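Asks: Next comes the sequence, and after it the predicted model I'd like to discuss.
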Amino acid sequence: MEHDVAGDVAGEGVRCLVTGATGYIGGRLVPELLAAGHRVRCLARSPERLRDHPWAPDAEVVRGDVTDAASVARALEGVDVAYYLVHALGTGKDFEDTDRRAARTFAEQARAAGVRRIVYLGGLTPAGVPEHELSPHLRSRAEVGRILLDSGVPATVLRAAVIIGSGSASFEMLRYLTERLPVMVTPSWVHTRIQPVAVRDVLRALVGSALMPPDVDRAFDIGGPDVLTYREMMVRYAQVAGLRRRLILPVPVLTPGLSSHWVGLVTPVPSSIARPLTESLRHEVVCREHDIARYVPDPPGHPIGFEEAVRQALRRVRDAKVSTRWSSASVPGAPSDPLPTDPDWAGGSLYRDHRELVVHASPEALWRVIEGIGGENGWYSFPLAWAVRGWLDRLIGGVGLRRGRRDAARLRVGDSLDFWRVEEIEPGRLLRLRAEMRLPGLAWLEMRVFTGPDGRTRYRQRALFHPHGLAGHAYWWGVSPFHAIVFGGMARNIARAAAGSSFPAMERTASH
């Protein structure tokens, strides 16, 4: 297994707070802490996004934001160990200030609450490089670590380079670059030496940090046993994945900005997330010590080597057992506004495209099609139009259509789904998606299954758009002529997929 570390940690349970539980590492850490016998509380801006996680019934979830002192104070009441796993992704002009302010708020409230330890996962910084020469992403993480170490609360700051695990942004960037490009024209950072670490070893160190002695107050480098260039990582990935040898041609003229767009075009990782990742590869990031083993001893077979970490990650991808993905966290620039059903929407414009069909299939068969939408199954209408919309979104810095799905058959609240995110799901009845492509407004796609008065299965589909300014209104009316093809075809094809090709669906209503 890639993440089962419960047996590596012993001791009495402690009361833990986990911030960032909707993210990649936080969502995997919570079940590990629970399995180790600890009590867990999660602080989340949107607690409903944690509702469908398998561990949700065993953890307490409270609403709050790390920049809001009052909500942080409430979340820290009675807590022994506080995990700080949040970062503002380096896309906005003020993200470093946001990181700094949030860390100071958390440190002050942790000290006031009598927290016994703060645990933070940051980035591995290169030796001998002045801080002002670091990428903004790494510089901010280093500053957050210092703020927490200076908090007056004993702190464990874990510093990792590239994390290899199913669903991690670094792994998916490596995976897609290698799999999709047998011949690669690459930036010069492919020759940078890196010490990758398996996600299982990261989780083991995080869980073990809950039981560190009170006199430990320092940073630790964590990494795997292999030091490799990024080029060597791609070559070894190809070997493990059974691919032909890749031809890699470095081009020194590719700037970090151009590199991020290149990664964004080739991989599902958008340029807004690829940029901080690629900027961090400009300098060598190799562990200078392995002191963490004094407090969290390495069991046999650990730390896990690069090839074994890749093997485990690919196995989980193949078996559809990816518990969290990089896209679990909110995407920079994505809307986080209220649902269109909230009362505050009463005073604004809300455009609708409504479709309703009678479906010659059971409600269960229709729901299976709806829950399986997106990813490899596509969107059941005009594939070229969906692809073009995804390409256009990529060109303007959006997430595009290639994020796919975490699980091929099942969805849960908070999952990313191509350029949508699951905002609400009622199994067997309702799927509501919120758009995360770049738009002059906010958009939703809602799909319902119900049984009509005549006892027949019905499918109801609504596309909702709340425009921002004149550009938003112009956008809606500009694309509305295509709705009959895109949304009408989507509804009909979903019904046909549920019923089988021998039972044509009958469209009942179509209105704008």
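Replies: That came in fine, so what should we check first? Numbering: from 1, shown residues only.
Asks: Show me where the stretch 51-200 of the chain has its strands.
Replies: Under the criterion DSSP state E, counting those that start in this stretch, the stretch 51-200 of the chain contains strands at 60-63, 81-84, 117-123, 155-160, 163-164, 183-187, 193-194, 197-198.
Asks: Make CSV from these and add mean neighbour count and distance to Gly455 to it.
Replies: C-beta here means a position set from N, CA and C on the backbone, and glycine is covered the same way. Putting those into CSV (neighbours: other CB atoms under 10 Å; distance: least, CB to CB, whole Å) gives the following:
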stretch, mean neighbour count, distance to Gly455
strand 60-63, 16, 39
strand 81-84, 28, 52
strand 117-123, 25, 54
strand 155-160, 24, 57
strand 163-164, 26, 52
strand 183-187, 17, 58
strand 193-194, 20, 61
strand 197-198, 27, 54
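Asks: looking at these, which is closest to Leu228?
Replies: strand 193-194 (6.2 Å; CB to CB).
Asks: if we can go back for a sec, which of the strands of the stretch 51-200 of the chain sits closest to Leu29?
Replies: Smallest distance to Leu29 across these (CB to CB): 6.6 Å, for strand 81-84.
Asks: quick one: contacts of the closest one?
Replies: When contacts are defined by CB atoms under 8 Å, 6 or more residues apart in numbering, strand 81-84 is touched by residues 14-20, 26, 29, 38, 66, 76, 103, 106, 110, 115-121, 144, 148, 206, 209-210.
Asks: Over to stretch 29-40 now: how far is its first residue from its last?
Replies: End-to-end distance of stretch 29-40 (CA to CA, to the nearest Å): 10 Å.
Asks: Now that stretch: buried residues?
Replies: Of the residues in stretch 29-40, 29-36, 38-40 count as buried by neighbour count, 16 or more other CB atoms under 10 Å.
Asks: for these, which one is nearest Glu376?
Replies: Glu376 lies nearest to Pro31 out of the buried residues of stretch 29-40, by CB to CB, at 27.1 Å.
Asks: Tell me the predicted confidence for that closest one.
Replies: Looking at Pro31, its pLDDT is 94.
Asks: Apart from its neighbours in sequence, what residue is nearest it?
Replies: Nearest-residue entry for Pro31: Trp55, 4.4 Å, with adjacent residues in sequence omitted and distances by CB to CB, 6 or more residues apart in numbering.
Asks: in terms of contact, does that neighbour touch Val30 like I think?
Replies: Yes - with contact defined as CB atoms under 8 Å, Trp55 counts as touching Val30 (5.5 Å).
Asks: could you pull out the strands for the stretch 401-512 of the chain?
Replies: Assigned by DSSP E, counting those that start in this stretch, the stretch 401-512 of the chain shows strands spanning 416-417, 420-426, 430-435, 441-451, 457-467, 506-511.
Asks: before we move on, the earlier item: starting from Leu401, give me the distance back to the residue nearest to Pro31.
Replies: Distance of Trp55 to Leu401, computed by CB to CB, to the nearest Å: 30 Å.
Asks: Looking at the strands of the stretch 401-512 of the chain, which one is packed in the most?
Replies: Each of the strands of the stretch 401-512 of the chain was given a mean neighbour count from mean count of other CB atoms under 10 Å, and the largest, a mean of 24, is that of strand 416-417.
Asks: how far does that one sit from the chain's center?
Replies: Distance of strand 416-417 from its chain centroid, counting by CA atoms, centre = their mean, to the nearest Å, is 9 Å.
Asks: Relative to it, what are the paired strands and their orientations?
Replies: Here strand 416-417 is paired, per DSSP bridges, with strand 420-426 (antiparallel).
Asks: what's next to the strand it pairs with, contact-wise?
Replies: Residues outside strand 420-426 that contact it (CB under 8 Å, 6+ apart): 48, 52, 334, 339, 371, 374, 411-416, 430-436, 444-445.
Asks: Just the C-alphas of it, formatted as CSV.
Replies: Output of strand 420-426 as CSV, limited to C-alpha atoms (Å, rounded to 0.1, in the frame of the first residue of the first chain):
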residue,chain,number,x,y,z
TRP,A,420,-15.6,21.4,-13.2
ARG,A,421,-15.7,20.7,-9.4
VAL,A,422,-18.3,18.6,-7.7
GLU,A,423,-20.3,21.1,-5.5
GLU,A,424,-23.1,18.8,-4.4
ILE,A,425,-23.9,15.1,-4.9
GLU,A,426,-27.0,13.2,-3.6
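Asks: relative to strand 430-435, how tilted is that strand?
Replies: With axes from the mean of the first three to the mean of the last three CA atoms, to 10 degrees defining the directions, strand 420-426 sits at 160 degrees from strand 430-435.
Asks: average model confidence for strand 420-426?
Replies: Averaged across strand 420-426, pLDDT comes to 89.
Asks: That strand: how far from the chain's middle?
Replies: Its chain's C-alpha centre and that of strand 420-426 lie 15 Å apart, by CA atoms, centre = their mean.
Asks: change the start of the numbering to 103 and stick with it
Replies: Shifting the count to begin at 103 puts that one at strand 522-528.
Asks: what angle separates it from strand 543-553?
Replies: Going by the same axes, to 10 degrees, strand 522-528 makes 30 degrees with strand 543-553.
Asks: So the closest residue to Gly480 other than its chain neighbours: helix, strand or coil?
Replies: Distances taken as CB to CB, 6+ apart place Trp488 nearest to Gly480, at 7.2 Å, with adjacent residues excluded. What DSSP: H, G, I helix; E, B strand; the rest coil gives for Trp488 is helix.
Asks: Distance of Trp488 relative to Val221?
Replies: Here Trp488 is placed at a distance of 42 Å from Val221 (CB to CB).
Asks: same check, this time on Tyr339
Replies: 30 Å.
Asks: just Ala172 next, same as before
Replies: Distance of Ala172 to Val221, given as CB to CB: 23 Å.
Asks: and what of Arg512?
Replies: Separation of Arg512 from Val221 (CB to CB): 31 Å.
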